[in-house]
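S.K.: Everything below, folded, please.
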Amino acid sequence: MSGAVTLRGISKSYGETLAVSELDLSVEQGEIVALIGPSGCGKSTLLRLVAGLERPDAGTVAVGDRLVAGEGQGWVPPEQRRVGMVFQEHALFPHLTVGDNIRFGLDRQPRTEQEARVLEVLELVHLPQVVDRYPHELSGGEQQRVALARALAPRPEVVLLDEPFSSLDESLRARVRADTVTALRATGTTALLVTHDQTEALSIGDHVGVMRAGVIEQWGRPVEVFERPVSRFVASFMGDADFLPASLVDGGLGCELGLVTIRTDVSDAEVVVRPHEVSLRLPAAGITGAPAVVDRVEYQGPFILHTVRLASGRTVRSWQPHSVRYPVGTEVLASIAAGIVPRLLSGDAALADDPT
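M.R.: Got it, this is the predicted structure:
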């Protein structure tokens, strides 16, 4: 596969604020990539550099096999980059119908081809019936799908989506997100999505890039980023995580919840435990675990989040199915769920996996 977007050594500052720092990124043809990170980490700036809405201070940007920005390489303006943009607030022209909004980027094509393409992309997003309506006559989800149709209409090399679902309510966001991914997959369109929503990044991205302070701290498949975080920051940002000190015990490395790994080459570390990895049981004959007391209970629909206090005073969180609810004050035994090998940290960085 040829690269759809390639960034090499990209940097961008605003005054003394460094937004993107010597960053490399390669997105393959047909991939959907999710960039995620806290506010101010540089993810939207990165998108704007690809789109041509910002000029890099250093490095190069290529869209497909064409260099569009770089030192001594000239400058290709946004309208000539074959890049589509979908913004958080849709950015539809309020005085134009849906059809005219989509036709806006097709002005160089014959009218008959324009009409055919408008209907084609509206069918793709399941909205052929709104072609003659105005944006204010549409729901938020419909406006977002029209914005996607407009971005896809000129058949761009890549579509850039800047937090496109964040203004929608949760149930609508999930539905529009699924429709968007279906449309992108159906057309084989390469997409680069910026989001602050961990679930969104993990569910959409073929690859996920976790950004902090202008760099990509971890790049990988969603399962790798979530289950094997490379740092304390990634572990904390990509879902809930608790950290327990670990040390050598009989049989390997253990923490307050029990044996973690049989490796003995680490004298002390921290164990990353997520709520779905912590098992809670009522004390009974044959049941083992660390004594704990339920501190807090939060109903979350399908799951009940229990926060338990261990004998050391440290707390960990545990998800239980909605049918299991231990009242505050209940004495339980906490342990790491069977089959789980937690991530280990030394300082802020993850330790390499045990080669055995």
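S.K.: Going by C-alpha atoms from here, please, whenever you check contacts or count neighbours.
M.R.: Will do.
S.K.: Give me the three-state assignment for the residue nearest to Asp57 when sequence neighbours are not counted.
M.R.: Excluding the flanking residues, the one nearest Asp57 by CA to CA, 6 or more residues apart in numbering is Lys12, at 5.1 Å. Look at Lys12: counting by DSSP: H, G, I helix; E, B strand; the rest coil, its state is strand.
S.K.: For the residue nearest the centre of the chain, report the pLDDT, please.
M.R.: In the chain, the C-alpha nearest the mean C-alpha coordinate belongs to Ala201, at 2.2 Å (CA atoms, centre = their mean). Here the pLDDT value assigned to Ala201 is 95.
S.K.: give the contact list for it.
M.R.: 34-36, 195, 208, 222 (CA atoms under 8 Å, 6 or more residues apart in numbering).
S.K.: pretty sure it is in a strand, no?
M.R.: No - using three-state DSSP, the assignment for Ala201 is helix, not a strand.
S.K.: follow-up on the earlier one: what's the farthest-apart pair in the contacts of Ala201?
M.R.: Spatially, the most separated pair among these is Thr195 and Pro222, at 14.0 Å (CA to CA).
S.K.: So which residues of the stretch 151-300 of the chain form helices?
M.R.: Secondary structure of the stretch 151-300 of the chain (DSSP state H, counting those that start in this stretch): helices located at 170-187, 198-204, 222-227, 232-237.
S.K.: which residue packs closest to Met211, ignoring adjacent ones?
M.R.: Excluding the flanking residues, the one nearest Met211 by CA to CA, 6+ apart is Gly37, at 4.8 Å.
S.K.: What is the burial count for that neighbour?
M.R.: 25 (other CA atoms under 10 Å).
S.K.: so Arg133 touches His95, yeah?
M.R.: No - assessed by CA atoms under 8 Å, Arg133 is found out of contact with His95, at 10.4 Å.
S.K.: Would you mind naming the helix or strand containing the closest residue to Thr288 other than its chain neighbours?
M.R.: Spatial nearest neighbour of Thr288, chain neighbours left out: Leu333 (6.8 Å); criterion: CA to CA, 6+ apart. Assessed by DSSP states H and E, Leu333 sits inside strand 331-336.
S.K.: Give me the sheet partners of that strand and which way each runs.
M.R.: Strand pairing for strand 331-336, determined by DSSP bridges: strand 278-281 (antiparallel), strand 290-300 (antiparallel).
S.K.: Can you check which of these gets nearest to Pro154?
M.R.: Closest approach to Pro154 among these (CA to CA): strand 290-300, 43.0 Å.
S.K.: What residues sit buried inside the closest one?
M.R.: 290-295, 297 (16 or more other CA atoms under 10 Å).
S.K.: can you tell me how far Glu170 sits from Gly141?
M.R.: According to CA to CA, to the nearest Å, Glu170 and Gly141 sit 11 Å apart.
S.K.: what about those two, which has more around it?
M.R.: A count of neighbours by other CA under 10 Å puts Gly141 above the other of Glu170 and Gly141, at 19 against 10.
S.K.: about what we covered before: so between Arg133 and His95, which is more surrounded?
M.R.: Taking neighbours as other CA under 10 Å, Arg133 and His95 compare with Arg133 leading, 14 against 11.
S.K.: where's that one relative to Glu113, distance?
M.R.: For Arg133, the distance to Glu113 - CA to CA - is 20 Å.
S.K.: And Pro222, by the same measure?
M.R.: From Pro222 to Glu113 the distance is 39 Å (CA to CA).
S.K.: ok, Gln114 touching Arg103?
M.R.: Yes - if you go by CA under 8 Å, Gln114 and Arg103 touch, sitting 6.2 Å apart.
S.K.: re earlier: just send the strands paired with strand 331-336 back as JSON lines, with mean pLDDT too.
M.R.: Shown next, in JSON lines, are the strands paired with strand 331-336 (pLDDT from 0 to 100):
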{"stretch": "strand 278-281", "mean pLDDT": "96"}
{"stretch": "strand 290-300", "mean pLDDT": "96"}
